[in-house]
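> Show me how the following folds:
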Amino acid sequence: MEVLRHEGPGRLGLVRLGEHSFRTPALAGADFTLSPFNSFFHPDEPGSYDFNLAPSIPLSFYTPGEVVEKALGRIWSVDYEGFNAFYLPALRRTEYLGEFFKIIERYNFDAVYLGNSKLLVKEYRYFVRILRELRERFPNVVIIADLEPFFYPLAVYLGVDAFDTRSLKLYDFEGKGFTQFSPFLWSDTPNSLDFARRTLLEVRRALESGKLRYLVENYFPTQYHAGILRIADLEHADYLEKYTPIGRETVYFISDASIRRPEVKRWHSRVAERFVPPKNTELVLLFPCSAKKPYSFSRSHTLYRKAMKEALGSGVSKVHELILTSPFGVVPREWEWLAKYDIVVTGHWGEEEIKPAAELLARTLGKYPKGTPIVAHLDEAYVEIARLASEMTGREIIFTEVKNGTTSKESLKSLTETLKEFELEGTKEDRTYRYFENIRKVFDFHFGTGAGEAVLPENGKVKGSKMLRLFVDNQQTGTFKDGVISVTPFGMQRIYDRIKAYWVKIDFDLRGDVFAVGVDEADERIRPDDIVGIVRDGKVAGVGKAVLSGEEMVRSKKGVAVKVRKRA
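Prediction:
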């Protein structure tokens, strides 16, 4: 199993079995062949199938512990020669999982058939947990489950690679076929396999376009879907996030489940961990978000900044702006290029939106010196967020008088008059520093605090107008354009030397892409699509784009780990 593309734990993959190969997600009986279940008591010889299921004992979910222990003794005695797929019974007694995992690891199976799948979807926590443990421990193993087609999007998103379709014949036998809204509506003619094919095609297309999460949120025909996704989002957010690629396109929040997306969790953690206020900040301003992105291009923020300039003049280079928004919470002005999202705006905020935003704002305000004044030009729920953050931090926030929206003449006049009370004076050095900071902070977002200083220190230079090229000692470290960055091997070496971040270590001469089997170590912070440095003996040999997460690179033995863009 070679991973070609990720969205969450879901993946497009390529499976090679001898001369036969196929793409995942896939269907048994359509894309590959799967042997009948081989009971331990009636073992068959391996047949001519792509996946031959090894003899096993069909344990139920509620099998008592003493029976499981006896069964394990028998299963350990099986001769697995010639079998490349293992039947993993789902058990309520999770303490026995480790023994089954040892068998899978010892005999290096290519696939794991997840037993009792249709019962598992009713056990939300177990379903997510077993998929997580299988995916994390065995990244090259194909996970096969027996589920109805309307579960395919969610199951693939959580880590399932293929589906057994043989049980679908039962529905055709009863004269019932699936529709997208199953199990509540049935079609007039038997068409279960056709529907399975159509559904899986939708899943593949969604994966290819980076839209699988949207499909999952639009495919909610049962309470089990909602329960499973909620458990995954709330209790296994780290599992979903580490396989979710770094976003390059706008994220659309289309449902209540959207505000729990991995991208939101990632944003909150990066604001908390990687954002450091500019050193010359003498005033903090809080503004509401705008529908147009980046915010600076919107009418409302153009008016805010005009009022700032009128009130403070050159002092604006000593003001730092934070934008409040749902569900990202807080967006520092320097990161507005990176906040690519859109959400339905109704003016109604739920507790699940307000409280996390207030907590993140409180943590962010705590990064400024205590004496730094804070002015809020907000309305509606934004005011509640700021007041909650003020209570949490004990920091006083000065609220402007807002009437008829933040962009009315009265409101803008109040903003101007409030800011005039602060006597700030910026110098040419302040303006240059802030110009550099706008660039540095984006590198900090991608690599960690200090990366921006590494590629653009005080003695660095910026050349160009639209595409900015960054230099240190006449050597280019990277580029910057509208929040999009690139890094040269020289720039990545400076980042590696300074903060030891986003590295993949190898011990061979770099000639082409880096395959997982050649990765010795990798930074666990790496996510799919991240820019990474390929390091050999402490020297950056090249820069590339990650295909896998850092943890996955080390555990995997097949496929490309990093697509190399530049060699030193």
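> With A362 as the reference, measure out to the closest residue to F37 other than its chain neighbours.
Among residues not flanking F37 along the chain, L53 sits closest, at 5.9 Å (CB to CB, 6 or more residues apart in numbering). All C-beta spots, glycine's among them, are computed from the backbone N, C-alpha and C. L53 sits 54 Å away from A362, going by CB to CB, to the nearest Å.
> Looking at these two, which one has more neighbours?
L53 (24 against 20; other CB atoms under 10 Å).
> re earlier: contacts only, for the residue nearest to F37.
When contacts are counted by CB atoms under 8 Å, 6 or more residues apart in numbering, L53 is found next to L34, S35, P36, F37, N38, F83, A85, F86, Y87, Y113.
> Filter the residues you listed down to the buried ones and express that as a ChimeraX selection.
In ChimeraX syntax, the buried subset of those is picked out as below (16 or more other CB atoms under 10 Å):
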select :34,35,37,38,83,85,86,87,113
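> who are the neighbours in contact with the spatially most central residue of the chain?
Geometric centre of the chain, nearest residue: T244, 2.7 Å, by CA atoms, centre = their mean. Counting by CB under 8 Å, 6+ apart, T244 makes contact with H6, E7, G8, P262, E263, R266, R527, P528.
> For my notes, please list the residues you listed in a markdown table and give pLDDT, neighbour count and secondary structure for each entry.
Listed next are the contacts of T244 as a markdown table, based on pLDDT from 0 to 100; neighbours: other CB atoms under 10 Å; DSSP: H, G, I helix; E, B strand; the rest coil:
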| residue | pLDDT | neighbour count | secondary structure |
| --- | --- | --- | --- |
| H6 | 96 | 25 | strand |
| E7 | 96 | 26 | strand |
| G8 | 96 | 24 | coil |
| P262 | 96 | 23 | helix |
| E263 | 95 | 21 | helix |
| R266 | 96 | 19 | helix |
| R527 | 97 | 22 | coil |
| P528 | 97 | 22 | coil |
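> pretty sure A145 is in contact with N116, am I right?
No: A145 sits out of contact with N116 when judged by CB atoms under 8 Å, with a separation of 9.7 Å.
> Looking at the two now, which is surrounded by more residues?
Comparing A145 with N116 by neighbour count (other CB under 10 Å), the higher total belongs to A145, at 26 against 21.
> From R205, how far out is that one?
Distance, A145 to R205, by CB to CB: 21 Å.
> again, but for D529
19 Å.
> Torsion angles phi and psi at the residue nearest to the centre of the chain?
For T244, the backbone dihedrals (degrees, to the nearest 10) come out as phi -90, psi 120.
> Give me the residue ranges of the stretch 201-350 of the chain where confidence is low.
Along the stretch 201-350 of the chain, segments meeting pLDDT under 70 span 220, 345-347.
> ok, now with 90
In the predicted model of the stretch 201-350 of the chain, residues 218-223, 247-250, 252-257, 326, 342-350 satisfy pLDDT under 90.
> Tell me where it has helices.
Using DSSP state H, counting those that start in this stretch, the helices of the stretch 201-350 of the chain run over 212-218, 223-235, 237-242, 262-274, 299-312.
> In the sheet, which residues pair with the residue nearest to F37? Tell me.
Per DSSP bridges, residues listed as beta-bridge partners of L53: A85.
> hmm, back to that, among the contacts of L53, which pair sits farthest apart?
Maximum pairwise distance among the contacts of L53 (CB to CB): 15.0 Å, between P36 and F86.
> re earlier: more crowded one of D529 and R205?
Per other CB under 10 Å, whichever of D529 and R205 has more neighbours is D529, with 18 against 12.
> residues touching P9, list them.
Under the criterion of CB under 8 Å, 6+ apart, the neighbours of P9 are L131, R132, R135, Y157, L158, G159, Y239, L240, Y243.
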